[in-house]
Structure formats: structure tokens, C-alpha cells
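Colleague: Generate coordinates for the sequence data below:
(2 chains)
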Amino acid sequence: NAGVMQNPRHLVRRRGQEARLRCSPMKGHSHVYWYRQLPEEGLKFMVYLQKENIIDESGMPKERFSAEFPKEGPSILRIQQVVRGDSAAYFCASSPDLTMDYGYTFGSGTRLTVV
Amino acid sequence: SQQGEEDPQALSIQEGENATMNCSYKTSINNLQWYRQNSGRGLVHLILIRSNEREKHSGRLRVTLDTSKKSSSLLITASRAADTASYFCATVNDYKLSFGAGTTVTVRA
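Modeller: You can find the predicted model right below:
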């Protein structure tokens, strides 16, 4: 079991470009969660998706950010027209169901730097 | 504001000593979890304690939970250099994890 896979590990974008972050959940997991970690801070919830559905995007900025989890393929977090404040580490976690009685498995993250 | 708040922000100890860090939270929870993050890496789940539990052990880790005080503590006994990392508590409500800013632990050889 390869765990939660995120790529790329590091991503550098110029202001105004688009950033696409990918997350492949653990095998058998159909629930995906994205979190953002700003420097020296804890992780903040962004969005929760199930296959082909956004369940909760309350933590995601209304503009420029979008997420999807298609029937086939990885979950994608997309940031359009990036700004310096988007520089952060973005982590993805997955779970097999909504039973919250276990720890989450996180990927190693994508570190986005906007220059 | 963050749900979980760790204390202290940073901790430096000698190898072999114990490390204790605390976490306070504000609202009711389903359970509370502790994670470790090594520099530049992802989070690793350490231990989960349910809201109806008071204490839990896992190897060199001991976690307590006091729901009346809305606080938890993580004790790492007989620390090792490899325990150097940031430690985060996370409260769970529904499916959302709410993290504090973490405690950075440095174990000196």
C-alpha cells in the first residue's frame, strides 16, 4: 500500500500563473481532504471531497481556488492566478469512510512557492 | 481562532528525558488526535483518544484527556534524537481536523 501520494513535492509558480496539485488517496479510500499549512502554523481545513462530489468547501477561498475528485484519477486542487500569499504547504489526507474513530493518513505535501 | 492550542511553543530536552506538551481546545469533540511532523515532511498520526477516554498509551507515548477542562497532554518518555519534530494536537468534529500551531521539540544528544 503506497499510502497517500501527492505530487509534485515542490512547485514554483510566478504570480498570475496556475498551480495544480494532485493527490492520490490510499487504495480503497473514497474520501479526500485538503489542508493548507502556512509557515509556523498548524494545518487548516480547506475542502472535503468524495468521488465526483464536493462535500464541504467551507475552508477554501471563494475565488481562484477549486478542487475536484473525479471518478477516475487523483484529486486535484487548482489555484488560479496565484499570489505570494498562496505560498504554503498543501496536504491531502484520505479515509475509507466517515467513521472518525481512527487517525488520518496524510501525504507528504506539496510545497508551493509563488515568486 | 484555532481549535487546538499547544503549549509550550518550543521545548528543548536532553536525550533520555521526558517531554510533555499540552493542548487546549474550545468546543466539544468526537476525539482528539496527536500528530508528528518532521521538518519539511507530512504529518504522521501518533495516537487517538476518544472523548470518553481519559488516558491512553502507545509505546513511549502517553496521552491524557480532560474534557471538563478541554485539555489534553502528550508525554514522550525516554526521548530520542529521532523524536525531534513538531507535534500537533487536532480535535475532530464530524470529519474536520482542527490543528493548533504545534510544539517544536528538540532532543539534544
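Colleague: For stretch A:39-55, measure first residue to last.
Modeller: In stretch A:39-55, first residue to last residue: 27 Å (Cα to Cα, to the nearest Å).
Colleague: anything in it near chain B?
Modeller: Yes. Contact of stretch A:39-55 with chain B (Cβ under 8 Å from any Cβ of the partner chain) involves A:40-45, A:48. Backbone N, C-alpha and C define where each C-beta goes, glycine included.
Colleague: Tell me where the chain is predicted with low confidence.
Modeller: No chain specified, so I'll use chain A. Across chain A, the ranges flagged by pLDDT under 70 are A:1, A:98-101.
Colleague: My question was about chain B, not that one.
Modeller: B:1-4.
Colleague: ok, so of the residues of stretch A:39-55 next to chain B, who is nearest B:Ser71?
Modeller: A:Gly42 (16.6 Å; Cβ to Cβ).
Colleague: Buried ones among the residues of stretch A:39-55 next to chain B?
Modeller: By neighbour count, with 16 or more other Cβ atoms under 10 Å in any protein chain shown, the residues of stretch A:39-55 next to chain B hold A:42-45, A:48 as buried.
Colleague: The residues you listed in helices, which ones?
Modeller: Using DSSP state H, no member of those sits in helices.
Colleague: Which of those fall within strands?
Modeller: A:43-45, A:48 (DSSP state E).
Colleague: Out of the residues you listed, the closest to A:Glu18 would be?
Modeller: For those, the nearest to A:Glu18 is A:Lys44 (21.5 Å; Cβ to Cβ).
Colleague: which residue sits closest to the closest one, ignoring its sequence neighbours?
Modeller: A:Arg36 (5.3 Å; Cβ to Cβ, 6 or more residues apart in numbering or on different chains).
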